[in-house]
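K.L.:
Okay, structure incoming, though there's no sequence with it:
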């Protein structure tokens, strides 16, 4: 158990809808990352927050947004969903500001599997 | 072209075999190289970490980095059925420390 909790584990919804994925980082970790994993693209970095502030952005679509709250949990909002958004969405956390500590370790949750029909 | 290329496999070997997994990359700024292991229905977990070029050994696992060739490898000796998983290489640069770039992952099965 990595200590990172993601909910929901599975989500099925229709095109055009909006969903929210939630992540609780490991105790003491200030950085939260969101990744998307699909069969054809692999694991893609979306966005990182540190102590409530956005720190780094990857290829995150404009239809997607995220935030980190004062209690350090984070939410990823996906709107106007398309079939191609079906994927596993992972949250990861780390303790440091620079993102990846000297050990290179991110602690991943078990993911939220999103299916868009 | 992807920044990191990894053969997705699948790769199937008998128990006890030596397994070699590889990634190539194009960004010469990458300095930190990692291997993550992902079991089915789980998140990735860090297996090995290497800074710059060289070798690192941890039990049955050896990670190699050749920056001149932009090529990294993971070797698994005396492979066990419990090693069956997807192995993802990952790397980043000092400037882009927050953005770990992952390979697509190689699905490995060790047959008893």
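P.N.:
Arrived safely, thanks for sending. Everything quoted here is computed from the prediction, not taken from an experiment. Numbering: from 1, shown residues only, chains lettered A, B, ... in the order given.

K.L.:
For the closest residue to residue A:11 other than its chain neighbours, give the beta-bridge partners.
P.N.:
Among residues not flanking residue A:11 along the chain, residue A:114 sits closest, at 5.1 Å (C-beta to C-beta, 6 or more residues apart in numbering or on different chains). The way it works is simple: take the backbone N, C-alpha and C, and place the C-beta from them, glycine included. The partner list for residue A:114 in beta bridges (DSSP bridges) reads residue A:11, residue A:87.

K.L.:
Count the residues that sit near residue A:114.
P.N.:
Residue A:114 is flanked by 21 other residues according to other C-beta atoms under 10 Å in any protein chain shown.

K.L.:
residues contacting the residue nearest the centre of chain A?
P.N.:
When C-alpha atoms, centre = their mean is applied to chain A, the residue found nearest the centroid is residue A:34 (2.7 Å). Residues in contact with residue A:34 (C-beta atoms under 8 Å, 6 or more residues apart in numbering or on different chains) are A:23, A:45-48, A:60, A:66, A:74, A:76, A:89-92.

K.L.:
that older thread, ok, the residue nearest to residue A:11 - contacts?
P.N.:
Contacts of residue A:114 by C-beta under 8 Å, 6+ apart are A:11, A:13, A:19, A:21, A:78, A:81, A:85-89.

K.L.:
Same check on residue B:19?
P.N.:
B:11, B:13, B:75-76, B:79, B:83, B:108, B:110.

K.L.:
thinking again about what came up before, surely the residue nearest to the centre of chain A is within a helix?
P.N.:
No - counting by DSSP: H, G, I helix; E, B strand; the rest coil, residue A:34 is not found in a helix; it is strand.

K.L.:
Show me what it is bridged to.
P.N.:
residue A:47, residue A:91.

K.L.:
Give me the distance between it and residue A:56.
P.N.:
Per C-beta to C-beta, to the nearest Å, residue A:34 is found 11 Å from residue A:56.

K.L.:
ditto for residue A:67
P.N.:
Distance of residue A:67 to residue A:56, given as C-beta to C-beta: 15 Å.

K.L.:
next one: residue B:33
P.N.:
Residue B:33 is 19 Å from residue A:56, where distance means C-beta to C-beta.

K.L.:
what's the answer for residue A:37, then?
P.N.:
For residue A:37 relative to residue A:56 (C-beta to C-beta), the value is 18 Å.
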